[in-house]
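K.L.:
Could you work out the structure for the sequence below:
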Amino acid sequence: MKDSQPTQKIGILSMQRVPNYGSFLQAFALLQVIKKLRPNADVLFVDIKPDVLFRERLVVFLRMIGGFILKGSVFKVVQRCLYIAKQRQLVFKKYQRKYLNLTDKHNYGDTLNSIVIGSDEVFNCLQRASWGFSKNLLGEGLNTNNVITYAASCGATTIAGVEAMSLSKEVEKAFKNIKQFSVRDENTFQFVKRFAGKEACTSVDPVFLFNFDTYIPAMRMQNQDYVLVYSYTERFSIPDEISAIRKFAKENNMKIIGTFGYQSWCDKNLILDPFELLAYVKQASYIVTDTFHGTIFSIKYNKPFVSFVRHNRNNAKLHHLLKIFELQDREINNINDLQEKLKQKINYGSVNRIIDRQTQISFDYLDQYL
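P.N.:
Next comes the predicted model:
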């Protein structure tokens, strides 16, 4: 780490506008880490230039589901989901303005000394998102001579998927603009090797690199003992899964608190700001999640947890995350194992030593290539 650096402008091209705890916290952490590594630099976020390849499909899909989700007995659930989503979006917008310096006017980047693409699913170029197939996220059209990535992920995008869509040459062309690759899972490592012809460094999510303690509020929880459920809206919808979680909570005299997407079967669903979310994570008795960042929060704060790996959604990156920290046994393959796994003690002494090693590798990468 250098004590002084010449003044420079560094851009971060990430998912900073997504109203999602993981997206916000990884972006905030990376911003703080780069500021620490380059204290004389002006560090700012660069917005994604939208594309249109999948936008039409997204509109068709939304119209298709819109015709039936508001019918029958699900109306109240959908109404509640939409209300919570709207309120949470307002919270995120406030925090994005305050902590990430984002405004309504998008910034596509002036001339910069460096741009860091990442972290999050920046290479998930086949996802049906509002920006579509963004060559921008793959390194094309950026105003700098030094483009690197940090802990990039393909998410559910695969080599086979890109080849099937006849997009290989476009990815290869965009990747030529990236000088150094850092990825966070094996699927993305192979993706970069195939389309860039390079071997990437492997880094951990920025959430592991930053100490949020001074930002986490002291909160008195209404329920001192609770199972925290962290998932997208109603993704825990399989009756056996819900029954097992509720049974565990009841037998251990605990409430179930939903803190991300709305879960109609939880005792309570809370609208929290990103730092309040971390407070609830830190004080949870147990955590049940099926998300990448829900698993990261659990590991970072040494909580008893289990992760449901949803195939074709998060299996590649979540498998790799658990493998890195030697926590493969936290994956739920049989719902009947839920109680045993939650009660099984985790050797966090060993896990924390791995965190220390991985964070040092990650700091060294950023310091070397910025």
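
K.L.:
you'd agree Asp213 is in a helix?
P.N.:
No. Under DSSP: H, G, I helix; E, B strand; the rest coil, Asp213 falls outside any helix and is assigned coil.

K.L.:
Val207 versus that one, what's the distance?
P.N.:
13 Å (Cβ to Cβ, to the nearest Å). The way it works is simple: take the backbone N, C-alpha and C, and place the C-beta from them, glycine included.

K.L.:
So which of these two has more stuff around it?
P.N.:
The neighbour comparison of Asp213 against Val207 (other Cβ atoms under 10 Å) goes to Val207, with 23 against 9.

K.L.:
Which of the three states applies to that one?
P.N.:
Classified using three-state DSSP, Val207 is helix.

K.L.:
Pretty sure it sits against Leu25.
P.N.:
Yes. With contact defined as Cβ atoms under 8 Å, Val207 counts as touching Leu25 (5.5 Å).

K.L.:
what sits in contact with each of these two?
P.N.:
His293 (Cβ atoms under 8 Å, 6 or more residues apart in numbering).

K.L.:
what about the residue nearest to Asp110 when sequence neighbours are not counted, which helix or strand?
P.N.:
Leaving aside its sequence neighbours, Asp110 sits nearest to Asn143 (Cβ to Cβ, 6 or more residues apart in numbering; 6.5 Å). Asn143 is part of no helix or strand, with elements assigned from DSSP states H and E.

K.L.:
doesn't Leu112 make contact with Asn143?
P.N.:
Yes. If you go by Cβ under 8 Å, Asn143 and Leu112 touch, sitting 6.0 Å apart.

K.L.:
ranges for the strands of the stretch 1-150 of the chain?
P.N.:
9-13, 42-46, 114-118, 147-150 (DSSP state E, counting those that start in this stretch).

K.L.:
neighbouring contacts of the first one?
P.N.:
Applying Cβ under 8 Å, 6+ apart, the external contacts of strand 9-13 come out as 27, 30-31, 34, 38, 41-48, 109-118, 122, 136-137, 142, 144, 370.

K.L.:
burial of Asn40, as a residue count?
P.N.:
Neighbours of Asn40 using other Cβ under 10 Å come to 12.

K.L.:
looking at this protein, which helix or strand is least sure?
P.N.:
Within the chain, no helix or strand scores below helix 55-66, which has a mean of 47 by mean pLDDT, DSSP states H and E.

K.L.:
quick one: which of Asn143 and Leu112 has more around it?
P.N.:
Leu112 (22 against 14).

K.L.:
show me where pLDDT drops low in the stretch 201-350 of the chain?
P.N.:
222-223, 312-314 (pLDDT under 70).

K.L.:
show me where it has helices.
P.N.:
With helices called from DSSP state H, counting those that start in this stretch, the stretch 201-350 of the chain shows them at 239-251, 274-283, 292-300, 315-324, 338-343, 348-369.

K.L.:
Equivalent analysis for the stretch 1-150 of the chain, please.
P.N.:
Counting by DSSP H, counting those that start in this stretch, the helices of the stretch 1-150 of the chain are 21-37, 55-66, 75-100.

K.L.:
Quick check: Gln190 touching Ala160?
P.N.:
No. Using Cβ under 8 Å, Gln190 is not in contact with Ala160; the gap is 10.9 Å.

K.L.:
neighbour-wise, which of those two wins?
P.N.:
Gln190 (16 against 8).

K.L.:
give me every residue that touches that one.
P.N.:
Going by Cβ under 8 Å, 6+ apart, the list of residues near Gln190 reads Ile159.

K.L.:
For my notes, confirm it occurs in a strand.
P.N.:
No. Counting by three-state DSSP, Gln190 falls outside a strand, being helix.
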